[in-house]
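**Q** Generate coordinates for the sequence data below:
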Amino acid sequence: MAEAKKSPGGEANRSAAADGKVYFSYVQIAQTVSSTVPAVKVFQPDVIVAIGGGGYIPARILRTEVKVPILAISLELYDDATDTPNTSVLKKQWFDGALVRGKRVLVVDEVDDTRRTLQYAVEELRRSNSPAAVAVMVVHNKLKPKRGVLPDDVLYIAGENVRDVWNCYPWDAGIDIVEHELLARRCAGESSV
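**A** Below is the predicted model of the structure:
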């Protein structure tokens with residue numbers, strides 16, 4: 001198994017909530033995404049490809065500072081009904097290859113867990129869309145061995161390195177969003193509210 005690639009981001013110092021999960025707020029996500037902007041600008045993307053559902057909001061936050069168009073793809077590694085991984089990544093939605101052919105493409109997702117989804121996205125982009133260059137930006141890189149591998153010529157940018165625990169993002173909040181935000185602040189040690 002491949003080891004996690006080094007990231008320009010620092011390691012997040014967060015504690016888990018009582019349920020063993022780590023919660024992240026919209027503010028924390030926005031700050032982490034903004035911290036990647038210098039590295040993203042060095043890459044000079046022509047277009048962002050957001051992996052749905054988790055990459056949509058980070059891609060939109062990034063677009064505010066980078067000012068390039070966003071395309072959306074939908075890939076599924078985890079079965080929502082059973083909360084277990086599929087045997088392979090499923091392609092649910094893609095786009096016309098002419099939109100990225102010969103362009104510099106930045107793939108965005110919220111978390112690099114197994115790296116299988118990122119590997120699939122990069123391979124499929126190259127196979128069917130012929131971009132000039134590909135980079136990957138994730139909000140969080142889980143510090144663990146990876147099952148997927150990215151080619152050496154793919155720039156890898158991570159906002160933060162995080163422990164291998166379940167991350168809870170505000171767009172996936174199965175609880176009241178106000179409660180989610182409070183848990184996120186507690187996990188980050190920002191407040192004892």
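
**Q** Let me know the pLDDT of the closest residue to Ser35 other than its chain neighbours.
**A** Of all residues not flanking Ser35 in the chain, Gly159 sits nearest, at 5.4 Å (C-beta to C-beta, 6 or more residues apart in numbering). Where C-beta positions appear, they are placed from N, C-alpha and C, glycine not excepted. The model reports Gly159 with a pLDDT of 97.

**Q** before we move on, what about the one 5 residues further on?
**A** Among the per-residue scores, Asp164 shows a pLDDT of 95.

**Q** Report whether the residue nearest to Ser35 is found in a strand, as I expect.
**A** Yes. When DSSP: H, G, I helix; E, B strand; the rest coil is applied, Gly159 is found to be in a strand.

**Q** What is the neighbour count of it?
**A** Number of residues near Gly159 (other C-beta atoms under 10 Å) recorded here: 28.

**Q** Quick check: Pro38 vs Leu62, distance?
**A** 12 Å (C-beta to C-beta, to the nearest Å).

**Q** Please say which of the two ends up with more neighbours.
**A** A direct count of neighbours by other C-beta under 10 Å for Pro38 and Leu62 places Leu62 higher, at 27 against 11.

**Q** could you say which helix or strand contains the more buried one?
**A** Assessed by DSSP states H and E, Leu62 sits inside helix 56-66.

**Q** elements contacting that helix?
**A** Here helix 56-66 touches helix 26-35, helix 37-43, strand 47-52, strand 70-79, strand 104-112, strand 133-142, going by 3 or more C-beta pairs under 8 Å, 6 or more residues apart in numbering; DSSP states H and E.

**Q** Counting by contacts, list what the first one packs against.
**A** By that I understand helix 26-35. With contacts taken as 3+ C-beta pairs under 8 Å, 6+ apart, helix 26-35 sits against helix 56-66, strand 133-142, strand 155-162.

**Q** Can you give the distance of that helix from its chain's centre?
**A** 12 Å (C-alpha atoms, centre = their mean, to the nearest Å).

**Q** same thing with the second one?
**A** Using C-alpha atoms, centre = their mean, the mean C-alpha position of helix 37-43 is found 16 Å from that of the whole chain.
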